[in-house]
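*Asks:* Okay, sequence plus prediction incoming.
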Amino acid sequence: MTLAVISPDWPAPARVKAVTTERDGGLSRGPYASLNLGTQLGDDPDSVAGNRRVLAAELELPVEPSWLEQAHGATVVDLDTESPGAADGAVTSSAERVCAVLSADCLPVLFTSTVAARIGVAHAGWRGLVSGVLPAAVAAMGGDPGDLLAWLGPAIESAAYEVGAEVRAVFIAADPGADACFTPNDAGRWQADLYGLARRSLEAAGVSAIYGGNFCTYTETERFYSHRREAPCGRMATLIWLSP
């Protein structure tokens, strides 16, 4: 395989296939170099289309991924009964669907059930986390949340993620314990722990088997796109599907 991808380190059932792409191995140039998988970012459309073809061929995907119109919200679609559309998460029980989200600092979260052929993915920036995208994804997965595994993909780490007091305030208003995920800095602002906030949200929704969360899109410049570091930039994809 010529693409650079990350395979989740989690005890998923054998049928579950999942990856997050890195930024190398594609056709895009300039700030989008090279495996940009996002449209409407200013990249050459032919390059993006070519990158998506490379992705499908290299991963031997069963179908084209169900690309979402991400909106930093909490809508999660069930691809078994709904079209992708405007959403920040997707779930399926079908081997004829590929769930996918795009990211470049926001947190991609994968889900699988250990007792049923059910998978999903969510796109969780701070707005999505506040809105409840992860509990919405857990609910869409169905069944007992205790039977779910979650994997946290590449996102911006706390040391590189500065936010204002208003962001901290909305989290603490919903969950006073979220204060532990914010550290004051010398500029009078706050360093936000996106991974920690996601773990709190998942645990509150009943998910205890949480893996991953050891990346930084901002500082790992050779591996990942980062909107905060270099906008405009490309997008990585996090995908999950079932083998027949």
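*Replies:* Yep, it's here.
*Asks:* next one: phi and psi at the residue in the chain sticking out farthest from the centre?
*Replies:* Each residue of the chain has a distance to the centre, and by CA atoms, centre = their mean the biggest one is for D186: 30.1 Å. Main-chain torsions, D186, degrees, to the nearest 10: phi -70, psi -10.
*Asks:* check contacts around the residue nearest to the spatial centre of the chain.
*Replies:* Note on the chain: the residue nearest the mean C-alpha position is P108, at 1.2 Å, using CA atoms, centre = their mean. The contact partners of P108, taken as CB atoms under 8 Å, 6 or more residues apart in numbering, are 20, 101, 121-124, 152-155, 236, 238. Glycine gets a C-beta too; all of them are placed from N, C-alpha and C.
*Asks:* Am I right that it falls within a helix?
*Replies:* No: counting by DSSP: H, G, I helix; E, B strand; the rest coil, P108 is not found in a helix; it is strand.
*Asks:* which residues does T2 contact?
*Replies:* Listed by CB under 8 Å, 6+ apart, the contact partners of T2 are 25, 58.
*Asks:* what about it, which SS state?
*Replies:* Per three-state DSSP, T2 ends up coil.
*Asks:* hang on, the earlier thing: ok, so what distance separates the residue nearest to the centre of the chain from L194?
*Replies:* Separation of P108 from L194 (CB to CB, to the nearest Å): 11 Å.
*Asks:* Common neighbours of the two, please.
*Replies:* By CB under 8 Å, 6+ apart, P108 and L194 have these common neighbours: 124, 155.
*Asks:* returning to that earlier point: got the contacts of P108 as a markdown table, with pLDDT, neighbour count and secondary structure columns?
*Replies:* Listed next are the contacts of P108 as a markdown table, based on pLDDT from 0 to 100; neighbours: other CB atoms under 10 Å; DSSP: H, G, I helix; E, B strand; the rest coil:
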| residue | pLDDT | neighbour count | secondary structure |
| --- | --- | --- | --- |
| T20 | 98 | 25 | strand |
| V101 | 98 | 29 | strand |
| V121 | 99 | 32 | strand |
| A122 | 99 | 32 | strand |
| H123 | 98 | 27 | strand |
| A124 | 98 | 31 | strand |
| L152 | 99 | 23 | strand |
| G153 | 98 | 25 | coil |
| P154 | 98 | 28 | coil |
| A155 | 98 | 26 | coil |
| M236 | 98 | 26 | strand |
| T238 | 99 | 26 | strand |
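*Asks:* Pick the one among the residues you listed closest to S7.
*Replies:* Ranked by distance to S7 (CB to CB), the contacts of P108 are led by T20 at 8.4 Å.
*Asks:* any chance you could map the strands in this structure?
*Replies:* 5-6, 16-21, 76-78, 89-92, 98-103, 107-113, 119-124, 148-152, 162-163, 182-184, 190-192, 209-212, 236-242 (DSSP state E).
*Asks:* So which of those strands is the most surrounded?
*Replies:* Greatest average neighbour count among those goes to strand 119-124 (a mean of 30), per mean count of other CB atoms under 10 Å.
*Asks:* Longest helix in this protein, please.
*Replies:* helix 45-59 (DSSP state H).
*Asks:* What are the contacting residues of that helix?
*Replies:* Contacts of helix 45-59 (CB under 8 Å, 6+ apart): 1-3, 5, 17, 19, 21, 25-29, 32, 35-39, 61, 64-65, 237, 239.
*Asks:* Could you point out which residue ranges in the protein have low pLDDT?
*Replies:* 1 (pLDDT under 70).
*Asks:* circling back: just the angle between the longest helix of the chain and strand 98-103, please?
*Replies:* 130 degrees (axes from the mean of the first three to the mean of the last three CA atoms, to 10 degrees).
*Asks:* Cool, thanks, talk later.
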